[in-house]
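> sequence first, predicted model second:
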Amino acid sequence: MLNNLLFKHIDNSSLVVFRIIFGLLCFLESVGAIFTGWVRKTLVEPEFTFSFIGLEWLQPLPGYGMYIYYAIMGVFALGIMFGYKYRFSMIAFAVMWAGTYFMQKSSYNNHYYLLMLLSSIMVCLPAHRYVSLDARLNPKLKSISMPQWCRMVIILQLFIVYTYASVAKLYPDWLDATAVELFMKGKRNYALVGEFLQKKWLHYALAYGGIVFDGLLVPLLLFKRTRKYAFVCSIFFHLFNSIIFQIGIFPYLSLAFTLFFFEPKTIQKIFLKTKSFYDSEEVIVPKFKASLLAICSIYFLIQIGLPLRHHFIEDNVLWTEEGHRLSWRMMLRSKSGRVIYRVENKDTGERFNVNLNDYLSTKQKRSASTKPDVIWQFAQHLKQKFNEEGQDVAVYVSCKVSINGKPFKTLIDPKVDLANAEWQPFKHSSWILPSKQD
């Protein structure tokens with residue numbers, strides 16, 4: 001039963017076409033980051049970056065190094081697209097993308113995380129066995145089929161992403177459309193649609209439509225009767241996100257996922273008209289079956305478990321941000337903050353306020369004003385800077401934060417020296433004050 005479910009061979013048209021689109025989008029993301037100025041603003045101009053805690057050594061290359069880094073990623077993306085040295089190109093792109101993902105948090109985006117996961121999954125898939133330079137150079141590699149598990153891992157990953165994204169929206173400020181209204185206020189100056197986006201009924205439609213779309217998309221795509229309707233809704237949803245929120249390649253990558261839900265013959269007629277159709281039901285159990293099952297089981301247990309961890313950490317994740325990342329909590333709230341960093345020389349008792357402009361970019365200042373982990377990291381950075389000058393210092397932070405336009409509340413305990421406080425990766429940090437305050 002399990003062998004038939006996972007290792008029965010099916011037509012590989014969906015995977016082949018997805019590889020081509022995936023490679024093209026990765027190329028556009030890589031070179032686009034250079035030409036839009038994203039690399040310059042995020043990785044070149046800042047003095048340092050807020051990498052993931054524990055990976056502080058992972059910093060951008062000096063000078064113009066990050067331009068070269070992204071250009072090389074673009075070359076590997078073309079290798080993926082054309083299926084040339086596919087496995088090597090895919091591994092190289094996955095490693096380099098993971099590097100730039102963990103390197104900075106000021107432009108943190110769940111979509112970047114998804115691309116990292118997909119790149120890792122694609123390393124393991126035989127996506128280069130048709131319409132590829134590898135297959136042309138080595139005809140023995142050519143194949144018109146793939147094991148069914150190749151399709152299933154993509155669908156299961158999508159189901160996890162969309163389901164958690166839907167569940168995360170079930171909180172008061174989303175249900176009364178407050179969060180969506182605040183998002184749309186920032187779009188008021190958009191030509192033609194700016195005023196339309198301020199309609200209250202539209203905010204409710206987007207709020208509840210988002211919950212329903214995320215929660216039902218994958219199940220509706222799986223059933224033939226509802227597939228076309230779900231696909232049309234998907235086109236509208238992702239194009240809306242692309243136009244209004246301008247989030248790069250990811251709406252189009254999301255649309256490319258639908259390839260795995262349609263019949264192979266349909267995909268073939270549209271994209272691969274000269275390809276033979278695989279209609280056998282051969283079951284080929286690989287020698288690495290046990291290892292494959294073990295790796296997939298561990299991977300998906302982690303994927304299911306990570307987004308749940310904030311339930312085991314004290315207070316509300318919207319306030320503390322503890323357990324927020326890697327959890328598919330996408331575009332849920334608007335957050336603003338006011339912060340003052342005070343440095344005290346322990347030997348002289350001298351105190352002074354830090355001018356953030358001397359250390360941080362505009363994006364970094366926003367993160368260092370609202371996100372506790374970034375606030376802690378900046379305190380550590382200040383400590384290191386002053387230690388290099390021979391000063392033993394303490395860093396105190398006065399920070400007030402507003403979520404979804406609500407009154408400002410104190411986020412960080414101003415009496416705690418964050419330069420010498422420990423970061424708690426798996427539990428609540430006591431220097432983050434409660435969300436419910438008198």
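Sure thing, it's come through. For clarity, every value in this text was computed on a predicted model and none was experimentally measured.
> use CA for all of it now, contacts and neighbours both
OK.
> how about low-confidence regions in the protein?
Under the criterion of pLDDT under 70, the regions of the chain flagged as low confidence span 438.
> would you map the strands across it?
With DSSP state E applied, the chain shows strands at 9-11, 145-147, 335-345, 351-353, 393-403, 409-410, listed in chain order.
> which of the ones you listed sits closest to Val193?
The closest of the strands of the chain to Val193 is strand 335-345. By Cα to Cα, the value is 24.3 Å.
> go through the closest one and flag the buried ones.
Within strand 335-345, the residues that qualify as buried by neighbour count (16 or more other Cα atoms under 10 Å) are Lys335, Ser336, Gly337, Arg338, Val339, Ile340, Tyr341, Arg342, Val343, Glu344.
> mind putting those into a markdown table with distance to Ile243?
Conversion of the buried residues of strand 335-345 to a markdown table gives the following (distance: Cα to Cα, whole Å):
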| residue | distance to Ile243 |
| --- | --- |
| Lys335 | 22 |
| Ser336 | 24 |
| Gly337 | 28 |
| Arg338 | 31 |
| Val339 | 33 |
| Ile340 | 36 |
| Tyr341 | 38 |
| Arg342 | 41 |
| Val343 | 43 |
| Glu344 | 47 |
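> check contacts around the residue nearest to the spatial centre of the chain.
Centrality entry for the chain: nearest residue to the mean C-alpha point is Asn110, 2.3 Å, by Cα atoms, centre = their mean. By Cα atoms under 8 Å, 6 or more residues apart in numbering, the contact list for Asn110 reads Arg325, Leu326, Ser327, Trp328, Arg329, Met330.
> number of nearby residues for the fifth one?
Translated: Arg329. The tally of other residues near Arg329 (other Cα atoms under 10 Å) stands at 22.
> which residues touch it?
Taking Cα under 8 Å, 6+ apart as the test, what Arg329 contacts is Asn110, Tyr164, Ala165, Ala168.
> which residue, other than its chain neighbours, is closest to Val17?
If you skip the residues right next to it in sequence, Val17 has Phe271 as its closest partner in space, 7.3 Å away by Cα to Cα, 6 or more residues apart in numbering.
> need phi/psi at the residue of the chain most remote from its centre.
No residue in the chain sits farther from the centre than Thr348, which is 45.1 Å out by Cα atoms, centre = their mean. When read as degrees, to the nearest 10, the backbone of Thr348 gives phi -100, psi -20.
> so how far is Trp97 from it?
Distance from Thr348 to Trp97, counting by Cα to Cα, to the nearest Å: 45 Å.
> repeat for Arg40
17 Å.
> show me which of the two is the more surrounded one.
Shown here are Arg40 and Trp97; by other Cα under 10 Å, Trp97 has more neighbours (24 against 16).
> could you pull up the residues touching the nearest residue to the more buried one once chain neighbours are set aside?
Sequence neighbours aside, Met116 is the residue nearest to Trp97 in space, at 6.3 Å (criterion: Cα to Cα, 6+ apart). For Met116, the contacting residues are Ala94, Trp97, Ala98, Tyr101, by Cα under 8 Å, 6+ apart.
> quick one, helices of the stretch 251-400 of the chain?
In order along the chain, the stretch 251-400 of the chain carries the following helices (DSSP state H, counting those that start in this stretch): 264-271, 289-305, 317-320, 362-370, 372-388.
> do you know which of these lies nearest Val31?
Closest to Val31 of the helices of the stretch 251-400 of the chain, according to Cα to Cα: helix 362-370, at 21.1 Å.
> buried subset of the contacts of Asn110 as a PyMOL selection?
Only the buried members of the contacts of Asn110 end up in this PyMOL selection, burial being decided by 16+ other Cα under 10 Å:
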select buried, resi 325+327+328+329+330
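> tell me which of the contacts of Asn110 is nearest to Asn387?
For Asn387, the nearest member of these is Arg325. The distance, counting by Cα to Cα, is 30.7 Å.
> so the closest one versus Asn109, what's the distance?
If you measure Arg325 against Asn109 using Cα to Cα, the figure is 9 Å.
> now swap in Phe196 and tell me
Relative to Asn109, Phe196 is positioned 27 Å away (Cα to Cα).
> still on that earlier bit, of the contacts of Arg329 - the most surrounded one?
Neighbours here are counted as other Cα under 10 Å. On that basis the top member of these is Ala165, with 23 neighbours.
> was I right about that residue contacting Asp214?
Yes - counting by Cα atoms under 8 Å, Ala165 does reach Asp214; the two are 6.4 Å apart.
> is His111 in contact with Phe250, as I believe?
Yes - with contacts counted by Cα under 8 Å, His111 reaches Phe250, the gap being 6.6 Å.
> identify the contacts common to those two.
Counting by Cα under 8 Å, 6+ apart, no residue touches both His111 and Phe250.
> burial count for Ser361?
Applying other Cα under 10 Å, we find 18 residues neighbouring Ser361.
> that one contacts Thr49, correct?
No - counting by Cα under 8 Å, no contact exists between Ser361 and Thr49, whose distance comes to 9.6 Å.
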